[in-house]
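In: give me a model of this one.
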Amino acid sequence: MLPIIDHIQITVRDMAVAAPFYDRLMPLLGFDLQRRVEATIAAHDFHVVEYVHPQLIFAITSPRAAFAGDTVHRRKPGALHHLAFRAESRAEVDRMHDALVEIGAVIVEPPRLYPEHGPNYYALFFKDLEGIKLEIVHSEPATA
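Out: Residues are numbered from 1 along each chain as shown. Sure thing, here's the model as predicted:
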């Protein structure tokens, strides 16, 4: 088996806040909004928005009503610490920074080299409007 992720589904606190943000973010990451799918399954207290790409499905879902007041914290057991998307170049990381600022993302760390992650690890870190941490990274193999 190849270690390829088919889909990622994250729970957000408020779909009314998250969906408009992700509708602006996902096209920047190569997703076509024409392939966006949304469904509500009342019996499961479940609302989902899926962004479908041939290589990955990314989805946001509503919390169960019992958890609606909980806050996002990436260091809770079982929580998503952060999710990184690969860029093709450092220039693309820089372009993504500008686009993320335009859509209202909270920039945690601007584009730069992060030698603690590798000698050629160039990235930016940001959060969505609910505090979920995401990353755009370009990393080249170290030269000998």
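In: please count neighbours and contacts with C-alpha atoms only from this point.
Out: Will do.
In: list the contacts of the nearest residue in space to Gly30 that is not next to it in sequence.
Out: Spatial nearest neighbour of Gly30, chain neighbours left out: His53 (7.8 Å); criterion: C-alpha to C-alpha, 6 or more residues apart in numbering. Counting by C-alpha atoms under 8 Å, 6 or more residues apart in numbering, His53 makes contact with Gly30, Phe31, Asp32, Arg35.
In: among these, find me the one that's closest to Arg13.
Out: Set against Arg13, the nearest of those by C-alpha to C-alpha is Phe31 (22.4 Å).
In: mind giving me the domain ranges of the protein?
Out: Taking automatic domain parsing as the reference, the chain has its domains at 1-68, 71-144.
In: rewinding a little: among the contacts of His53, who's most crowded?
Out: Phe31 (20 neighbours; other C-alpha atoms under 10 Å).
In: remind me which residues of the protein are low pLDDT?
Out: 142-144 (pLDDT under 70).
In: can you give me the helices for it?
Out: For the chain, applying DSSP state H gives helices covering 15-28, 90-103.
In: wait, which of those is closest to Gly69?
Out: helix 15-28 (13.0 Å).
In: buried stuff in that closest one?
Out: The neighbour-count check on helix 15-28 (16 or more other C-alpha atoms under 10 Å) flags Met15, Ala18, Ala19, Phe21, Tyr22, Asp23, Arg24, Leu25, Met26 as buried.
In: returning to that earlier point: distance of the residue nearest to Gly30 from Pro141?
Out: Using C-alpha to C-alpha, to the nearest Å, His53 is found at 27 Å from Pro141.
In: ok, Ser89 next?
Out: In terms of C-alpha to C-alpha, Ser89 sits 13 Å off from Pro141.
In: looking only at neighbour counts, state which of these two leads.
Out: Taking other C-alpha under 10 Å, Ser89 and Pro141 do not tie; Ser89 has more neighbours (14 against 9).
In: the spatially closest residue to the more buried one that is not a sequence neighbour pairs with what?
Out: Using C-alpha to C-alpha, 6+ apart and skipping the chain neighbours, the partner closest in space to Ser89 is His138 (5.7 Å). Under DSSP bridges, the beta-bridge partners of His138 are Tyr122.
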